[in-house]
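Q: okay, structure incoming, though there's no sequence with it:
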């Protein structure tokens, strides 16, 4: 028995060392280096080359983004990922020929994620997240209005952008958007993972995600007075059985978008939080409907 326990101990210790090495090396970082981005994009859309951008926002942080078009005549679509995530979440959409014929597209690494400066350092402020988007949009479009698509936690980020920069916002697409503060749950493990020793064992992208989700409820509460400022078109795409972001977020948006002249809801009766990737054909058609005229 003693020999068995010793072997088990060494085996589990070895697994722990391997896990820590993987975490430290970034194997679980959920981000794609620029060189790999180019290879992956070429596999899906030969001839389409990504353009990598690094711009400094008002907080002094360098924001990384990936664009696929520089055609000034097309409206701009900005993709904003959830938590955790990075710009590569939208690789298939950036490679889509139909979308490329309709939009100039750019995907942003939100603060704390991807190859934006400060990977693994949470940015809980939705205002600072919105300022990061503004820096990218200003650099990419020279002050023109942009259509923004945000998945999960990316949705309140683009809502905050629309509240603070209405003159730069052509419309919003909320994909499984977490916007209702009353729907933010706080399971016991959130605080546990936020502190040592579990924090040390958690990949940085996942810990960063947890650390920005914990204060999200308060951030959403602070945004409540700003919903009446939104006057651009808004589309919500949500699965009725989304277990991560409840469908009640759609009902909340209906109540607070009091000055929105064009509010559309597209409900998936079958699907989950990841309809962006499981139902791409339908999502693409809906996004094309939001193209500014």
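A: Looks like it arrived, so ask away. Note that the coordinates shown come from a computational prediction; the quantities given were computed from them, not determined experimentally. Numbers count the residues shown, from 1 in each chain.
Q: show me the shaky parts of the stretch 51-200 of the chain.
A: Applying pLDDT under 70 to the stretch 51-200 of the chain picks out residues 70, 189, 200.
Q: strands of that one, start to end?
A: For the stretch 51-200 of the chain, the strands defined by DSSP state E, counting those that start in this stretch occupy 51-56, 62-67, 76-80, 104-108, 146-151, 169-175.
Q: could you list the paired strands of the second one along with their orientation?
A: Paired strands of strand 62-67, with direction, are strand 51-56 (antiparallel), strand 104-108 (antiparallel) (DSSP bridges).
Q: neighbours around residue 263, how many?
A: Look at residue 263: counted by other CB atoms under 10 Å, it has 14 neighbours. To be clear about C-beta, it is placed using only N, CA and C from the backbone, and glycine gets the same treatment.
Q: what does the one 3 residues further on give?
A: The number of residues packed around residue 266, counting by other CB under 10 Å, is 17.
Q: go on, residue 215?
A: Residue 215: 14 neighbours (other CB under 10 Å).
Q: any idea how far residue 205 is from it?
A: Between residue 215 and residue 205 the computed distance is 18 Å (CB to CB, to the nearest Å).
Q: next one: residue 87
A: To residue 205, residue 87 is 13 Å away according to CB to CB.
Q: who's more crowded, these two?
A: The residue with more neighbours, out of residue 87 and residue 205, is residue 87; 28 against 23, by other CB under 10 Å.
Q: okay, the strands paired with strand 62-67, which one's buried deepest?
A: Mean neighbour count (mean count of other CB atoms under 10 Å) peaks for strand 104-108 among the strands paired with strand 62-67, with a mean of 26.
Q: circling back: so for residue 261, which of the strands of the stretch 51-200 of the chain sits nearest?
A: Residue 261 lies closest, by CB to CB, to one member of these: strand 169-175, at 10.9 Å.
Q: partner strands of that closest one, with direction?
A: So strand 169-175, judged by DSSP bridges, has these partners: strand 146-151 (parallel), strand 234-239 (parallel).
Q: quick one: mean pLDDT over the last one.
A: Think strand 234-239. Strand 234-239 shows a mean pLDDT of 98.
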